[in-house]
Each structure stands twice: as structure tokens, then as C-alpha cells.
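Colleague: I would like the atomic coordinates for the input below:
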Amino acid sequence: MKLNEIKDREGATHSKKRLGRGIGSGSGKTGGRGVKGQKSRSGVAINGFEGGQMPIYRRLPKRGFVNIFSKDFAEVSLGRLQAAVDAKKLDAKKTVTAETLKEAGVIRRVKDGVRVLSDGELKAKLTLEVAGASKAAIEKIEKAGGSITVASGAKNAE
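Modeller: Numbering: from 1, shown residues only. Down below sits the predicted model:
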């Protein structure tokens, strides 16, 4: 067998139904959609409709609370920072900010700022300017000989 001889088995492919092509085709006029009404039209999706019965999202009670003022930080571990320095994606001599982390590919998007967490080990002397950091992360950075500036207004406790 050669590559140009490969084809599907007999009966494996079906030609598509040509809808609305006259009464003699068997699927003309309404095109297999029944008659009239919302569902016979195109672009209709009746999500959550249960035939007039009270929908489940209305039968069940609401729970909890969503804080509209909560901040969503991009989290970076110390191990990830060290890996980026080792791979020469981050320059240890320059100040590390959210923008430099994004350019280096350490984080995907900045969100409400970057928060440093203490997972992993840090050997490089880094100067960081971030929105937040855990206490353990701050200790590890200073122990490695680096410094960290946490933006005002952000919590730096874990």
C-alpha cells in the first residue's frame, strides 16, 4: 500500500444532508426542524429553561458573598524566580518588576500586581518591586542578600 492509495473504508463517510431543497428531497420546506416556533429558528439556545417549571438556579438558595473589591494577584514562587535567573531570562543585577517578569515569561499577565510566595530556594541577589509578598518570602530574599520593595496599600502578610 502506498500513501496515495489510502482512503476511508466503504460506508465510513456520509454526504451531508441538503436541507430545504424542495418537497421532493424529503427534507424540504421546514428542513427537518418541525413547524414554526422558537426552536425552528436559527441561533436559539434556551439555557436553563425547564418547560415552565421553576428552574433549578432559582429553586436553590444563594450562598456566600463575592467581594467586588478583592485583588487578584499573579503569584510567583521564589523557586520560579531562581529558575528564570538560571535560564538567563531574568537579569539578577536589574530591578525585577511585574513588567520584567511578564517579558521574561515568568507570568502570563500582570493582573492587579505580582505577589511573591516562599516556595523553593533563592540563591540569586534580587532587587524586587512587587505588589505583595509573604513574610517567609521576604525573609528568604533578604537572607540571600537581595532586597524587596512592597507597593504601598498591599498586604504583605501571608
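Colleague: which ones are touching the residue nearest in space to the middle of the chain?
Modeller: When Cα atoms, centre = their mean is applied to the chain, the residue found nearest the centroid is R108 (9.7 Å). By Cβ atoms under 8 Å, 6 or more residues apart in numbering, the contact list for R108 reads 74, 102. All C-beta spots, glycine's among them, are computed from the backbone N, C-alpha and C.
Colleague: quick one, helices of this protein?
Modeller: 56-59, 78-86, 98-104, 135-143 (DSSP state H).
Colleague: In a markdown table, list the ones you listed along with mean neighbour count, mean pLDDT and distance to T13.
Modeller: A markdown table is the format used below for the helices of the chain (neighbours: other Cβ atoms under 10 Å; pLDDT from 0 to 100; distance: least, Cβ to Cβ, whole Å):
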| stretch | mean neighbour count | mean pLDDT | distance to T13 |
| --- | --- | --- | --- |
| helix 56-59 | 10 | 94 | 40 |
| helix 78-86 | 18 | 94 | 49 |
| helix 98-104 | 17 | 94 | 47 |
| helix 135-143 | 16 | 95 | 58 |
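Colleague: how about those in CSV, adding distance to D72?
Modeller: Output for these, formatted as CSV (distance: least, Cβ to Cβ, whole Å):
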stretch, distance to D72
helix 56-59, 25
helix 78-86, 18
helix 98-104, 13
helix 135-143, 18
